[in-house]
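**Q** next come a sequence and a model predicted from it.
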Amino acid sequence: MSRARQPPLVTGISPNEGISWTKVTIRGENLGTGPTDLIGLTICGHNCLLTAEWMSASKIVCRVGQAKNDKGDIIVTTKSGGKGTSTVSFKLLKPEKIGILDQSAVWVDEMNYYDMRTDRNKGIPPLSLRPANPLGIEIDKGRFPQKDLEALFPGMSADFTSENFSAAWYLIENHSTTSFDQLKTAVVNLKKQANKKNEGSLAYVKGGLSTFFEAQDALSAIHQKLEADGTEKVEGSMTQKLENVLNRASNTADTLFQEVLGRKDKADSTRNALNVLQRFKFLFNLPLNIERNIQKGDYDVVINDYEKAKSLFGKTEVQVFKKYYAEVETRIEALRELLLDKLLETPSTLHDQKRYIRYLSDLHAPGDPAWQCIGAQHQWILQLMHNCKESYVKEQKGNSLLHSPMLDLDSDVRPSPIGHLSQTASLKRGSSFQSGRDDAWRYKAPQQVVFVEKLTKVVVSQLPNFWKLWISYVNGSLFSETAEKSGQMERSKKNARQRQNDFKKMIQEVMHSLVKLIRGALLPFSLREGESRQYGGWEMKSELSGQWLTHVIQTVRLSSESLTALEIPNDMLQIIQDLILDLRVRCIIVTLQHTAEDIKRLAEKEDWVVDNEGLTSLPSQFEQCIIHSLQSLRTVLDCKPGEASVFQQQKTQEDVCQISIGIMQVFIDCLEQLSTKPDGDIDTAHLSVDVSSPDLFGSIHEDSSLSSEQRLLIALSNCRYLERHTFVNIAEHFEKHGFQGVEKITQVSMESLKELDQRLFEMYIEFKADPIVGSLEPGIYAGYFDWKDCLVPAGVRNYLKEALVNIIAVHAEVFTISKDLVPRVMSRVVEAVSEELSRLMQCVSSFSKNGALQARLEICALRDTVAIYLTPESNSSFKQALEALPQLSSGTDKKLLEELLNKFKSSMHLQLTCFQAASSAMMKT
């Protein structure tokens, strides 16, 4: 069994009060399944079924009739649900009777005209409104294109009120998916509506029967009277009288209704004007709406309204429309100027720029707003860069006037390279653009360095939006769909292609300004004549140190990477690569120059404390200073992607090579200065005692002052170590860091070092050998000794022993400083003594037998004692000395010579032990 439907329930009526014949809309639940299901409708007790139009199960439209009750319920009755109930009521208003000549403040609907003569309502048609759904079934709009339907039914219309109405078109458009049973129901609904219309016409006729009969009787009486009088127009006849009466009636009517008809015409004009205002209120209110929306910033609403007004009234010939449309155009022109000002206003975000460009394109602004924006942004970036320079130059001059204490790394008291490295250790990738940098660091940093950071930050923050704006301009993404349809996008793309060279010049100008401003701050000598005033102006009291230049290079590199990420062509960024290369070259040169200055000051740090190998800390300090300097240049020497080698230019190679040679030469000069400084010039305040060294060298450490001979020996020991180790290590570090001409640096430095070593050695030999050599001749001829007249030799004379003691003293001094220098020094001393002894023997004119034996004894004793230090030169000298003596003729003399030599060696065994120790040590080595 099917479930019974619920009775109708009225939950709303609109309006809820009114006079008779007011059209109302009834809403509720279960108001019927269709027009045929609705069998009853009463409002305030009056049956309104005749005027009812069933719209849906929740909506009915009808007119209120003449009800007896002032207020009552709305009751709906259906076949399926029976008699319903109502939760709302309707109040019926009874208006005052208004005559046809009475004035009224409101318009009286003519269909409610009340005949005062007969005191009854005239008959009127039941419902003259056009039904929204003539079939009375649910409308289901199909998806058939309108163009296809127009092509299928040419000259026809789906409007059922049109003379060219096409039922097939209407059904396809509104009921393409409706079932056949529903269409049958629609046929029944149409028949019912036709019956209602016929009933309404019949009722209208019935209501006017009395008037019709009265008119019929009057016309019949007139006709009979005219037949009786005849048809001639005779003065006093019925016809003439009737004409006169009608004329008087017409004149009286004109007099009576002239004012009423005038008011009616005026009311019609007013109503027509109000209808025009209501119908075209969009245009009339548009100027004010544009002003309000502009103030609120609703530019999209303004543009949409303008496009609508332009399509409707752009070509109108109506004067009032022309006037208001001209006012709209005035407002739109002011909006164009406002948007253009906002577009060119700086600073501005990329999002706002794109938005304003789209607005201007939709408003068909003259010119090319996008290109104007690009030009304004270009000038803004240039202005920012120059303002940045001017502010920092002014601040630098202000700080110099205040004489504020700043830890400037360019000052004379510069931290060591290790200190520099520790300061720059935090300068990692991206740190140049971090806003959280310590303010104290910025205060201590030179103004040029802070300026470069700020300048690159300005460019890196502004140029991406500038570049993206150009890309959007090229691909047309700045414009809306409206602009695309109007062809404005294609025109923009064409303009962009024509202006590529102009934009390229803009980018190049920004890059040139960036590079020249940095050059003006760091490399002013690289600017052309006339550019210094525009890009320079800095106070160059002292050049930046290598560590600050390294930091600047890192900053510029990060900027270059950021710009490369924008896919800017490499040819536009090549000028930045050239700047980086020049900065790298300058950083290397400045670092090496400052290294040379640091090495100059190493002489002040010499403490003359030697280690087990006879070396001071000076060579190690020299090596470490250079290594730290090269390590600080590691990031500068390394080539980033797109960068060229810093040594690609021949001039750079030559300059770096010469500076490197100069560094080595500075240290060599430092050694020479230290070794040749007079005793009075030695600064003993910084001398220290090495308590960890063996007691063997305590004699030097206990005495805080050194003799010049000792300093020469220490310098010779350092030179020997430099030649064998330090210079070789430094050359390896140069090669490791990619330096060119390392062989030349090493060769020139070695030659200079060897020359110094030879000079110092000769100086020491002169100090030590000359006194010994000078004492030989006086010692030989002491006591008026004569080679021709002397006694039989009893042993080696004292002068030779004294010479040996002096040689032993030299050996001890050298051995104390450096064991490795002993052979070299002793060999040279022996050469000098043997040469002098040979000269003296050759100068003797003749020898007696005893004299020859004495001379041979002393020469052989000296030769055998220093045999370990003999060289070809000293051997030759001893040989020449012996050849100058007469040969021993008897075996007795030879035996005596041997006995005396053994006696000498035995008696001086203790003194000669040093030579034996040296001999055994050298034999072991």
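**A** That came through, no problem.

**Q** shouldn't Phe90 be within a strand?
**A** Yes. The assignment for Phe90 (DSSP: H, G, I helix; E, B strand; the rest coil) places it in a strand.

**Q** ok, Met664 - contacts?
**A** For Met664, the residues meeting the contact criterion (Cβ atoms under 8 Å, 6 or more residues apart in numbering) are 727, 730, 745, 748-749, 752-753. C-beta: built from backbone N, CA, C; applies to glycine.

**Q** and it, that one's in a helix?
**A** Yes. Assigned with three-state DSSP, Met664 falls within a helix.

**Q** any stretches of the stretch 1-150 of the chain with poor pLDDT?
**A** Confidence mapping of the stretch 1-150 of the chain against pLDDT under 70 gives the ranges 1-4, 69, 95-132, 142-143.

**Q** for it, what spans make up the strands?
**A** Assigned by DSSP state E, counting those that start in this stretch, the strands in the stretch 1-150 of the chain fall at 9-14, 17-18, 23-29, 38-43, 46-47, 53-56, 59-63, 71-78, 82-83, 85-86, 89-92, 114-115, 120-121.

**Q** that older thread, now, the contacts of Met664 that are in helices?
**A** Cross-referencing the contacts of Met664 against helices under DSSP state H gives 727, 730, 745, 748-749, 752-753.

**Q** what's the mean pLDDT across stretch 616-628?
**A** Averaging the model's pLDDT scores along stretch 616-628 yields 86.

**Q** and for stretch 720-738?
**A** Averaged across stretch 720-738, the pLDDT comes to 86.

**Q** again, but for stretch 381-399
**A** According to the model, stretch 381-399 has a mean pLDDT of 81.

**Q** can you give me how far that stretch is from the chain middle?
**A** Averaging C-alpha coordinates over stretch 381-399 and over its chain gives two centres that are 21 Å apart (Cα atoms, centre = their mean, to the nearest Å).

**Q** pull out the buried positions in it.
**A** By neighbour count, and taking 16 or more other Cβ atoms under 10 Å as the criterion, the buried residues in stretch 381-399 are 381, 384-385, 388-389, 392-393, 396.

**Q** between those residues, which is nearest Asn275?
**A** When the buried residues of stretch 381-399 are compared for distance to Asn275, the smallest value, 58.2 Å, is given by Ile381; criterion: Cβ to Cβ.

**Q** check which helices and strands the helix or strand hosting that closest one is in contact with.
**A** Assessed by DSSP states H and E, Ile381 sits inside helix 369-402. For helix 369-402, the contact count by 3 or more Cβ pairs under 8 Å, 6 or more residues apart in numbering; DSSP states H and E identifies helix 319-344, helix 350-362, helix 447-475, helix 500-522 as packing neighbours.

**Q** would a markdown table of these with mean neighbour count, mean pLDDT and distance to Thr255 be doable?
**A** Shown next, in a markdown table, are those (neighbours: other Cβ atoms under 10 Å; pLDDT from 0 to 100; distance: least, Cβ to Cβ, whole Å):
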| stretch | mean neighbour count | mean pLDDT | distance to Thr255 |
| --- | --- | --- | --- |
| helix 319-344 | 16 | 86 | 36 |
| helix 350-362 | 21 | 82 | 62 |
| helix 447-475 | 20 | 83 | 77 |
| helix 500-522 | 19 | 84 | 83 |
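
**Q** dump the ones you listed into CSV; add distance to Leu563 as well.
**A** Formatted as CSV, these follow (distance: least, Cβ to Cβ, whole Å):
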stretch, distance to Leu563
helix 319-344, 25
helix 350-362, 16
helix 447-475, 6
helix 500-522, 8
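
**Q** looking at these, which is nearest to Glu539?
**A** With respect to Glu539, and counting by Cβ to Cβ, the nearest of the helices and strands packed on helix 369-402 is helix 447-475 at 8.8 Å.

**Q** tell me the angle the closest one makes with helix 350-362.
**A** Computed with axes from the mean of the first three to the mean of the last three Cα atoms, to 10 degrees, the direction of helix 447-475 lies at 30 degrees from that of helix 350-362.

**Q** still on that earlier bit, can you name the two of the contacts of Met664 that sit furthest apart?
**A** Ile730 and Ser752 (13.7 Å).

**Q** who has more neighbours, these two?
**A** Comparing Ile730 with Ser752 by neighbour count (other Cβ atoms under 10 Å), the higher total belongs to Ile730, at 24 against 17.

**Q** so the more buried one makes contact with Ile626?
**A** Yes. A contact is recorded between Ile730 and Ile626 when judged using Cβ atoms under 8 Å, the distance being 5.5 Å.

**Q** residue contacts, the residue nearest to Cys657 when sequence neighbours are not counted?
**A** Here the nearest residue to Cys657 in space, its sequence neighbours aside, is Gly741; by Cβ to Cβ, 6 or more residues apart in numbering that works out to 3.9 Å. If a contact means Cβ under 8 Å, 6+ apart, then Gly741 has 653-654, 656-657, 660 as its contacts.

**Q** what's the answer for Gln182, then?
**A** Contact partners of Gln182, counting by Cβ under 8 Å, 6+ apart, are 137-138, 175.

**Q** buried subset of these?
**A** A residue is treated as buried here by neighbour count (16+ other Cβ under 10 Å); on that basis the buried members of the contacts of Gln182 are 137, 175.

**Q** could I get the contacts of Gln182 in TSV, plus columns for distance to Arg63?
**A** Compiled in TSV, those are given as follows (distance: Cβ to Cβ, whole Å):
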residue	distance to Arg63
Ile137	23
Glu138	24
His175	28
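
**Q** outline the domain layout of this protein.
**A** Under the TED database, the residue ranges defining each domain of the chain are 9-92, 587-678+707-769, 782-915.

**Q** still on that earlier bit, between the strands of the stretch 1-150 of the chain, which gets nearest to Trp169?
**A** Across the strands of the stretch 1-150 of the chain, Trp169 has its closest neighbour in strand 53-56 (22.9 Å, Cβ to Cβ).

**Q** low-scoring pLDDT stretches of the stretch 551-700 of the chain, where are they?
**A** Low-confidence segments of the stretch 551-700 of the chain, defined by pLDDT under 70, span residues 677-700.

**Q** where exactly do the helices run in it?
**A** 570-600, 618-632, 634-637, 650-676, 698-702 (DSSP state H, counting those that start in this stretch).

**Q** so can I have TSV of the ones you listed showing distance to Asp786?
**A** Below are these laid out as TSV (distance: least, Cβ to Cβ, whole Å):
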stretch	distance to Asp786
helix 570-600	60
helix 618-632	54
helix 634-637	76
helix 650-676	44
helix 698-702	43
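
**Q** Ile43: which of these is closest?
**A** With distances scored as Cβ to Cβ, the stretch of the helices of the stretch 551-700 of the chain nearest to Ile43 is helix 570-600 (83.5 Å).
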